[in-house]
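> have a look; sequence and predicted model below, questions after that.
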Amino acid sequence: MAFTYTQEVKFRHCDPAGIVFYPRFFEMMNDTVEAFFAQRLDFPFSEMHRTSGIPTAQIEAQFQAPSRLGDVLDISLRCTRLGRSSLGLGYAAVCGNAPRFTAQSTIVFIDATGKSQPWTDKIRALLHMEMQGETEDGT
């Protein structure tokens with residue numbers, strides 16, 4: 001089941017022409033991941049980053065059309081691969097029905113020293129349910 005994060009394009013995202021400066025899309029993707037961890041996994045960054053983290057190890061993006069100041073993007077996130085300490089993610093952003101970008105990334109769960117560590121049993125179970133298209137209430 002996809003998780004969707006809605007992002008209005010703000011002035012801070014844009015170049016002087018009012019078009020999103022492409023590195024800002026990576027910030028929007030991270031905002032989507034942060035919301036996903038807080039809302040779907042009940043593991044907000046404010047808690048996670050006390051003893052661990054999830055840096056991005058790999059990312060690739062394809063841009064279908066420019067986004068402009070005031071656009072509202074729906075950024076969908078899907079878990080695509082669950083490893084011992086890694087997670088593959090797929091993103092698709094649309095404005096209305098118009099595709100804006102797609103991307104794929106890999107994040108890695110690390111400890112406070114920056115060394116990869118296995119997902120906790122709780123988080124692994126929730127990620128597995130996400131990959132199966134289930135939610136905690138079975139829907």
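Received it, and whenever you're ready, just let me know what you need.

> list the contacts for the residue nearest to the spatial centre of the chain?
Central residue of the chain (C-alpha atoms, centre = their mean): residue 33, 2.9 Å from the mean position. The contact partners of residue 33, taken as C-beta atoms under 8 Å, 6 or more residues apart in numbering, are 54, 77, 89, 107. C-beta: built from backbone N, CA, C; applies to glycine.

> how about residue 75?
The contact partners of residue 75, taken as C-beta under 8 Å, 6+ apart, are 4, 5, 6, 7, 28, 29, 32, 91, 92, 93.

> same thing but at 7 Å, please
By C-beta atoms under 7 Å, 6 or more residues apart in numbering, the contact set of residue 75 is 4, 5, 7, 28, 32, 91, 93.

> pull the number of nearby residues for the first one.
The local packing of residue 4 (other C-beta atoms under 10 Å) involves 16 other residues.

> same thing with the fifth one?
Residue neighbour count, defined by other C-beta under 10 Å, stands at 23 for residue 32.

> quick one: it and residue 77 touch, right?
Yes - applying C-beta atoms under 7 Å, one finds residue 32 in contact with residue 77, separated by 5.2 Å.

> what touches both of those two?
Common neighbours of residue 32 and residue 77, using C-beta under 7 Å, 6+ apart, are 5, 91.

> pLDDT score assigned to residue 1?
We have a pLDDT of 78 for residue 1.

> for this structure, give me the ranges with low pLDDT.
Flagging of the chain using pLDDT under 70 yields the residue ranges 134-139.
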